[in-house]
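Asks: Whatever this is, show me its structure:
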Amino acid sequence: MNCPYCTHHETKVTDSRDTGKYTIRRRRECLECNRRFTTYEHIEMTPMYVIKKDGRRENFDRMKIKLGIMKALEKRPIGHDQIEELLDSIEEKIRRNGKEEIETKTIGEIVMDALKEIDQVAYIRFASVYRSFTDVTSFQNEIKELIQNCRGEIKK
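Replies: Residues are numbered from 1 along each chain as shown. Coordinates of the predicted model:
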């Protein structure tokens, strides 16, 4: 592992912990400059393909989901470890379907369901892009539905 600060090729692991079923978080220290940094290791799974809206196929890329989630969670009180756990649970749901291909629509729904559970503002942000809201009415309708669902959960 090369140090991201001085690019020295020798580092040591100072701490290691599981952050989910498929991810290990490691704190590392460079043996040259003594600076510390964090890495995440993910289990390499069998290839999965995503079917895009226009019919194209591309490799499943966890990082694309992470970037979308990070944008939705920008300036929200959610920590990095919580985001990694969220990503692990999303990827597990995606892979659990047992198929080698999955549509972007299905991935988007899984992500929205997960975001709805941890942060409703992030959910609305993600939904606005994913569902291509074109006007304020679209926002209003989504927020009304979210409020109704929350009230329904409170009554239970």
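
Asks: Let me see the backbone angles for residue 73.
Replies: Dihedral pair for residue 73: phi -90, psi 0, per degrees, to the nearest 10.

Asks: Correct me if wrong: it contacts residue 82.
Replies: No. Residue 73 is beyond contact range of residue 82, at 9.1 Å (criterion: Cβ atoms under 8 Å). In this view, the C-beta of every residue, glycine as well, is placed from N, C-alpha and C.

Asks: between those two, which one's more packed in?
Replies: Between residue 73 and residue 82, residue 73 has the larger neighbour count (other Cβ atoms under 10 Å), namely 21 against 14.

Asks: what's near enough to touch the more buried one?
Replies: Residues near residue 73 by Cβ atoms under 8 Å, 6 or more residues apart in numbering: 83, 115, 119, 122.

Asks: okay, it: pLDDT?
Replies: For residue 73, the pLDDT comes out at 94.

Asks: before we move on, the earlier item: if you rank the contacts of residue 73 by neighbours, which is first?
Replies: Using other Cβ under 10 Å as the neighbour test, the contacts of residue 73 are led by residue 115, with 26 neighbours.

Asks: List the single closest residue to residue 13 in space, sequence neighbours excluded.
Replies: residue 26 (5.2 Å; Cβ to Cβ, 6 or more residues apart in numbering).

Asks: just to revisit the earlier point, of the contacts of residue 73, which belong to helices?
Replies: Cross-referencing these against helices under DSSP state H gives 83, 115, 122.

Asks: hey, which helix is longest across this protein?
Replies: Taking DSSP H as the criterion, the chain has its longest helix at helix 136-155.
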